[in-house]
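Novice: Predicted model follows, preceded by the sequence.
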Amino acid sequence: MTSDPGRLACPLPRCRAVNSATAETCRSCATPLRAWARMRAHPARLFNAGLEAARSGRTATARDHFAAVVHWCPGDAEARSALALACLLLDDPEEARDHWRQVLTRRPNDATALKGLAHLDSRLTESPESAESSTPPQNPQNPKPPKPPEKEPATTE
């Protein structure tokens, strides 16, 4: 906000008053600066919690965390792609398709979204019997679903 590490500008565009870095509230408009900082870091915490849940096999919990991040930050392509993958794993291919398409509107060459949509398209061309199977066929032409993101966003307080 300011180049001086001992000073902090109010995050509200209409105010921008310079405050002490340790101020609890803005001296000009009384915006709660500490709460603002915690709120800004919350999506990163939710994303990391979603990754942890996904890695431990709690896919529904992971989906809920990623959905919360997407709600707060609709332009976050990594979170939306992770949400799509969780939806796919929870057998909701249409929701997964919708999220991957939204990723591609912002990032047309996103490899994860393209791979996810290719996987969904390949499932449509399968026979009805194999589509009903609980385990995906081991067909080399059938692309595997994308892996969840490896990168964990940094959290700040």
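Specialist: Everything's here; your move.
Novice: In what element of secondary structure is Val69 found?
Specialist: Taking DSSP states H and E as the criterion, Val69 maps to helix 59-72.
Novice: Heading C-terminal from that helix, find the next helix or strand.
Specialist: Using DSSP H and E, the helix or strand that follows helix 59-72 in sequence is helix 77-89.
Novice: Show me what that next one is packed up against.
Specialist: Here helix 77-89 touches helix 33-55, helix 59-72, helix 93-106, helix 111-124, going by 3 or more CB pairs under 8 Å, 6 or more residues apart in numbering; DSSP states H and E. The way it works is simple: take the backbone N, C-alpha and C, and place the C-beta from them, glycine included.
Novice: Which residue, other than its chain neighbours, is closest to the residue nearest the centre of the chain?
Specialist: Nearest to the geometric centre of the chain sits Ala79, at 1.2 Å (CA atoms, centre = their mean). Using CB to CB, 6 or more residues apart in numbering and skipping the chain neighbours, the partner closest in space to Ala79 is Val69 (3.9 Å).
Novice: if we can go back for a sec, quick check: which of the helices and strands packed on helix 77-89 is buried the most?
Specialist: Across these, averaging neighbours per residue (mean count of other CB atoms under 10 Å) puts helix 59-72 on top, at a mean of 20.
Novice: what mean pLDDT does that helix have?
Specialist: For helix 59-72, the mean per-residue pLDDT is 96.
Novice: Okay, now the unreliable bits of the protein?
Specialist: For the chain, the stretches with pLDDT under 70 are 1-4, 126-157.
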